[in-house]
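In: build me a model:
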Amino acid sequence: MKKKVKDIQEILEAEVLSGEDKLEAEVKYVGAADMMSDILALAKPGMIVLTGYTHPQVIRTALVTDLLGLVVVRGKYVPPETIELAQQNNLLLMRTKNFMYSSCGKLYALELQGIDERKF
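Out: Predicted coordinates for the structure are as follows:
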């Protein structure tokens, strides 16, 4: 069964900060990373990445890797410039109070795939 952004938003009780029009988009993969080099190396189009990194650079990284969006974990403060950059580029940006580990577990239980589970 295909999952949509709204399924992730609901299970994580996430606040949508940008990209509200993407709630019906299909999510192909989910990952988690705090290092931008990991996102650059592993991201795939249509993927959502959970992160604790809130600097505007995370938006630029998401844009160059064609991510579907980002979920900031632990209810971290997201600077206005990060939100503005996401809004200017219509990038999905959400925030959840859940920690990274529990967020990943909830999404795995929802049967969302990580990129390491792809069939080659």
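
In: who's in contact with the lowest-mean-pLDDT helix or strand in the chain?
Out: One helix or strand of the chain scores below all others by mean pLDDT, DSSP states H and E: helix 36-42, with a mean of 91. Outside helix 36-42, the residues within contact range by Cβ atoms under 8 Å, 6 or more residues apart in numbering are 31, 33, 49, 51, 53, 57-58, 61-62, 64-65, 67, 115. Quick note: C-beta positions are derived from backbone N, CA and C, even for glycine.

In: ok, the residue lying closest to residue 85 once chain neighbours are set aside - contacts?
Out: Using Cβ to Cβ, 6 or more residues apart in numbering and skipping residues adjacent in sequence, the residue nearest residue 85 is residue 59, 4.4 Å away. Applying Cβ under 8 Å, 6+ apart, one finds that residue 59 lies in contact with 70, 82, 85, 86, 89, 91, 93.

In: same check, this time on residue 64
Out: residue 40.
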